[in-house]
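> Could you look at this predicted model? Sequence included:
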Amino acid sequence: MLQSVTTLFYIKRSKTDSEGKSMIYLRVTINQKRAEVSTKLKVDIDKWCTSTSKGLGRSSEIRILNNKLEKINTKILDLYQRLESKKDSISSRDLIDAFQGKIEIEKILIKIFDDHNKMVEKLVGKDFAPGTLERYKTARMHVYKYLLLEYKTQDIPITKVDLKFINGFEYYLKTERDCSHNTTVKYITNFKKIIRIAKANEWIEKDPFYNWKSRLKIIDREFLTELELQKLIDKEFENERLDRIKDFFLFSCFTGLAYADVKKLKQNDIIIGIDGEKWIDISRKKTDTKSKVPLLTIPKIIIEKYKEHPMVINREMVLPMPSNQKMNAYLKEIADVTGIKKNLTYHLARHTFATTVTLSNGVPMESVSKMLGHKSIKTTQHYAKILDVKVSNDMQLLKSKIEGGKNNLSNIC
């Protein structure tokens with residue numbers, strides 16, 4: 001049935017409050033039949049334009065008001081389209097009831113995403129790490145902006161998400177947002193959880209991800225070689241700021257701790273381990289997994305160096321860490337001064353611990369994985385794949401054994 005819908009915002013000038021403000025009402029008309037509802041927004045009667053159904057002026061208050069009215073209008077038209085897809089005939093009262101939430105049309109994507117994120121937020125520190133919440137919030141933001149760009153709407157029914165939507169979202173992330181392949185896959189994986197929720201609740205019949213295939217690409221992580229690490233250790237800085245940043249970076253090179261974990265490291269996180277020596281004993285901020293690391297000589301010296309710093313004393317911190325942004329900016333200065341050509345970031349220290357400091361020196365994979373706080377040893381194995389030096393040293397050791405006649409293989413080789 002062909003229908004037409006119009007909306008109108010108006011005020012009742014005869015009804016004002018003590019401040020001279022009047023309530024703004026919304027009137028919806030479908031095929032000459034009206035239904036009205038209060039928007040719960042108020043405006044000074046002298047700042048209302050009847051002909052345009054908007055607030056008058058350019059003040060921030062009026063701009064905010066007009067923006068809210070525009071969003072209400074957009075929502076009404078969106079609700080109308082969604083009702084139209086489910087009913088042959090729609091009344092103005094149907095539309096007002098839908099606007100007030102008295103009738104549920106069908107589950108919509110961004111609303112489900114928002115409900116999910118609110119649940120995660122309440123469970124941060126219990127079931128989720130703060131970083132997990134931030135990733136879900138960012139994924140939600142990307143989906144929302146994709147809807148605005150490609151679908152010209154702020155939300156869509158969850159039933160409208162299909163393989164075309166997913167492929168389009170992937171293309172959007174890589175082109176419009178300039179995300180790398182792995183970053184794109186991670187955001188889509190976050191989005192995929194929302195679809196799983198919809199499927200589990202039977203809000204959709206089929207999983208649109210069934211035929212979507214994409215995997216993370218293994219990336220060779222940069223790290224400092226033994227020579228580069230020694231160059232940094234030997235470098236003396238007259239600039240106190242750079243000297244401090246160098247110390248903090250080296251601390252993670254020899255403990256494997258990420259920036260967030262060093263930043264929150266407290267003095268009571270340093271314990272006496274099973275061997276009678278000092279250990280770091282924490283739960284990683286990112287994954288909430290246990291990480292226990294015996295303290296080597298260099299991190300011990302660094303801790304001792306800063307024990308009288310006011311931040312260390314007043315806050316019971318281990319190191320007076322600056323922001324991660326400042327840290328990485330100063331590390332670029334250090335790279336220039338020392339002639340290190342790699343992109344020196346604080347996280348590079350963690351990779352250096354995993355490769356140059358531990359795996360290259362024969363520390364077993366299982367021990368490294370435990371110290372890094374990895375949930376799966378597969379994550380640690382990514383580091384081992386790039387250690388050609390370790391492979392060479394192992395084979396040289398094997399060669400010496402064979403040629404020395406210490407192995408039965410000497411008769412064959």
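Cool, the structure landed. Because the structure is predicted, anything quoted here is derived from the model rather than measured.

> Next up, phi/psi of the residue positioned nearest the centre of the chain, please.
By Cα atoms, centre = their mean, the chain has its centre lying nearest to residue 135, at 2.2 Å. Main-chain torsions, residue 135, degrees, to the nearest 10: phi -70, psi -40.

> got it, and the one 4 residues further on?
Main-chain torsions, residue 139, degrees, to the nearest 10: phi -60, psi -40.

> separation between it and residue 53?
Between residue 139 and residue 53 the distance is 37 Å, computed by Cβ to Cβ, to the nearest Å. Backbone N, C-alpha and C define where each C-beta goes, glycine included.

> Between these two, tell me which one has more neighbours.
residue 139 (22 against 18; other Cβ atoms under 10 Å).

> dump the residue contacts of that one.
187, 190, 191 (Cβ atoms under 8 Å, 6 or more residues apart in numbering).

> 10 Å instead, please
113, 117, 173, 186, 187, 188, 189, 190, 191, 192, 193, 194 (Cβ atoms under 10 Å, 6 or more residues apart in numbering).

> Going through these, which ones are buried?
Neighbour-count burial (16 or more other Cβ atoms under 10 Å) applied to those gives 113, 117, 173, 186, 187, 188, 190, 191, 192, 194.

> and of these, the nearest to residue 320?
residue 186 (32.5 Å; Cβ to Cβ).

> Report the buried residues of the longest helix along the chain.
In the chain, taking DSSP state H as the definition, the longest helix is helix 60-84. Neighbour counts over helix 60-84 (16+ other Cβ under 10 Å) mark 62, 65, 66, 69, 72, 76, 78, 79, 80, 82, 83 as buried.

> Helices of the stretch 201-350 of the chain, start to end?
226-234, 240-253, 259-263, 297-305, 310-315, 324-338, 347-352 (DSSP state H, counting those that start in this stretch).

> distance of residue 9 from residue 99?
Applying Cβ to Cβ, the value for residue 9 to residue 99 is 13 Å.

> okay, and the common contacts of the two?
26, 39, 72.

> Report the secondary structure state of the first one.
It refers to residue 26. Secondary structure for residue 26, judged by DSSP: H, G, I helix; E, B strand; the rest coil, is strand.

> How about the contacts made by it?
By Cβ under 10 Å, 6+ apart, residue 26 lies in contact with 7-10, 35-39, 41, 53, 69, 72-73, 76, 96, 99.

> Separate out the buried members of those.
7, 9, 35, 37, 39, 41, 53, 69, 72, 76, 96, 99.

> The last one against residue 82, yeah?
Just to be clear, that refers to residue 99. No: counting by Cβ atoms under 10 Å, residue 99 stays clear of residue 82, with 11.5 Å between them.

> Off-centre distance for stretch 108-117?
Centroid separation for stretch 108-117 versus its chain: 16 Å, with Cα atoms, centre = their mean, to the nearest Å.

> brain fart, stretch 47-58
41 Å.

> Ends of that stretch, what's the gap?
10 Å (Cα to Cα, to the nearest Å).

> One more: stretch 97-115?
Note: stretch 97-115 ends 22 Å apart using Cα to Cα.

> How much space separates the residue lying closest to residue 16 once chain neighbours are set aside from residue 40?
For residue 16, ignoring the flanking residues on the chain, the nearest one in space by Cβ to Cβ, 6 or more residues apart in numbering is residue 22 at 5.0 Å. Look at residue 22 and residue 40: by Cβ to Cβ, they are 13 Å apart.

> And the strands in the stretch 51-200 of the chain?
For the stretch 51-200 of the chain, strands defined by DSSP state E, counting those that start in this stretch occupy the ranges 54-55.

> So what sits opposite residue 55 in the bridge?
residue 48 (DSSP bridges).

> Could I get the contacting residues of it?
So residue 55 contacts 9, 24, 41, 43-44, 47-49, 61-69 (Cβ under 10 Å, 6+ apart).
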